[in-house]
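Q: A structural model of the following input is requested.
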Amino acid sequence: MESVPGPAEVAGGVWSVPLPFPNPLGFAFGYVVPVPDGVVVVDAGWDSDECWDAFRAGLAAAGAGLDDLVGVVITHVHPDHYGLAERIRASSAAWLAVHPAERPRIAAGEHDRVRAIDDMAEWLRQAGAPASEFAELRADEADMRAGISMVVPEHDLRDGDVVPGTAGALVAVHTPGHTPGHLCFHDRQRRLLFTGDHILPRVTPNISKRPQSDVDPLHDFMLSVTKIRGFGSVSVLPGHEWVFGGLRERLDTLTTHHEQRLTEIEAAVAAGAGTVWEVTCAVTWSRPFEQLRGRARRAAIGETFAHLYRLAVEGRIRWVPDRPDRWLPASGEQPVANLSQPAS
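A: Predicted coordinates for the structure are as follows:
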């Protein structure tokens, strides 16, 4: 796991605040942005005492406190970016804001948390996963349910909306792919782009077709990559790792990665891998697939599914919906599946 650095000023009074969470990445960033009446924070870390202490220390380093917190804008509601929402609401007058497409990921009650696990189990059946994967899912169930927030934000932010209280300086940019309602935020005055998990400096963001994803998340992601190219020369403030420049070069690298991944997965299907699970086992990962566990393994399955779906849309392979689904080499026939409808 990465060591967790301290808060640091990035540019023009904006501070990065590393917020620890239990993952090999080590921490997610929150960012403290000065605004006319106090500060706005981008992203709200993981729900733990350690993370809460780091959040408050980051505010203090930026010369602010919870009384100065005007609002918190959320790139997406994964638990490492939305985890402190309940503590922030209980300890401040700050509002919370998300893209409306993130709201379905917020539970209305415990029944929604239970249903999310059931949906994941059905998705694993669709992928052709073996019994061991269902056992891991059940072992992770308590942590997964706890990570589904029930804190409802006050505000919606859509593409092009100005963030409240920022005097027009901070603008929401809808970048679906990693999640349906993922937002980046453009600080026009300081030429900063807060990218959440849409663009990271080293790790390739996970683009998964899974419960609550859009129908074709890889297509969405690539459109979002093209959209971000239009921001030109900016400093990139991502959700993990480190602040960086060279946005266009990084976008080129991500585009090439997914093109190569599509080719690799198409070849796996041609060689006889016929389910999402079989294809996932057949392609390469940053670590051997058998060493991945729990959430990381399910992320790999979801990424494979997203690429298989895109290949089917492009007519490069065929998809036969079943339990489990089958993926076949293209034969010149029309695909069996209705690709205009969600699979899960």
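
Q: Let me know how buried residue 62 is, in neighbour terms.
A: Residue 62 has 22 neighbouring residues, counting by other Cβ atoms under 10 Å. Where C-beta positions appear, they are placed from N, C-alpha and C, glycine not excepted.

Q: same thing with residue 24?
A: When neighbours are defined as other Cβ under 10 Å, residue 24 has 9 of them.

Q: doesn't it fall inside a strand?
A: No - Residue 24 is assigned coil when assessed by DSSP: H, G, I helix; E, B strand; the rest coil, not a strand.

Q: Okay, residue 278 and residue 310: tell me how far apart.
A: Separation of residue 278 from residue 310 (Cβ to Cβ, to the nearest Å) stands at 18 Å.

Q: Mind checking which of the two has more residues around it?
A: Neighbour count, other Cβ under 10 Å: between residue 278 and residue 310, residue 310 has more, with 24 against 19.

Q: so which helix or strand takes in that one?
A: Secondary structure from DSSP states H and E places residue 310 in helix 294-313.

Q: so what does that helix touch, helix or strand wise?
A: Counting contacts by 3 or more Cβ pairs under 8 Å, 6 or more residues apart in numbering; DSSP states H and E, helix 294-313 packs against helix 110-127, helix 131-139, helix 217-229, helix 247-270, helix 276-282, strand 317-320.

Q: Can you show me the CA trace of it as CSV?
A: C-alpha atoms of helix 294-313 as CSV (Å, rounded to 0.1, in the frame of the first residue of the first chain):
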residue,chain,number,x,y,z
GLY,A,294,-12.9,-9.7,-4.0
ARG,A,295,-13.5,-6.2,-5.4
ALA,A,296,-10.5,-6.3,-7.7
ARG,A,297,-11.6,-9.6,-9.3
ARG,A,298,-15.1,-8.3,-9.8
ALA,A,299,-13.6,-5.1,-11.4
ALA,A,300,-11.7,-7.3,-13.9
ILE,A,301,-14.9,-9.2,-14.7
GLY,A,302,-16.8,-5.9,-15.3
GLU,A,303,-14.0,-4.5,-17.5
THR,A,304,-14.0,-7.6,-19.6
PHE,A,305,-17.8,-7.5,-19.9
ALA,A,306,-17.6,-3.8,-21.1
HIS,A,307,-15.1,-4.6,-23.8
LEU,A,308,-17.1,-7.7,-24.9
TYR,A,309,-20.2,-5.6,-25.2
ARG,A,310,-18.4,-2.9,-27.3
LEU,A,311,-17.0,-5.5,-29.6
ALA,A,312,-20.5,-6.9,-30.1
VAL,A,313,-21.9,-3.5,-30.9
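
Q: I'd like the average pLDDT over that helix.
A: For helix 294-313, mean pLDDT is 96.

Q: Flag every buried residue along that helix.
A: By 16 or more other Cβ atoms under 10 Å, the buried positions in helix 294-313 come out as 296-313.

Q: ok and it relative to helix 110-127, angle-wise?
A: 60 degrees (axes from the mean of the first three to the mean of the last three Cα atoms, to 10 degrees).

Q: between helix 294-313 and helix 131-139, what angle do the directions make?
A: Going by the same axes, to 10 degrees, helix 294-313 is angled at 120 degrees with respect to helix 131-139.

Q: got the angle between helix 294-313 and helix 217-229?
A: Relative orientation of helix 294-313 with respect to helix 217-229: 90 degrees, computed using the same axes, to 10 degrees.

Q: okay if I get the helices and strands packed on helix 294-313 as a markdown table plus mean pLDDT and distance to residue 20?
A: Shown next, in a markdown table, are the helices and strands packed on helix 294-313 (pLDDT from 0 to 100; distance: least, Cβ to Cβ, whole Å):
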| stretch | mean pLDDT | distance to residue 20 |
| --- | --- | --- |
| helix 110-127 | 95 | 24 |
| helix 131-139 | 93 | 23 |
| helix 217-229 | 97 | 27 |
| helix 247-270 | 98 | 25 |
| helix 276-282 | 98 | 30 |
| strand 317-320 | 96 | 41 |
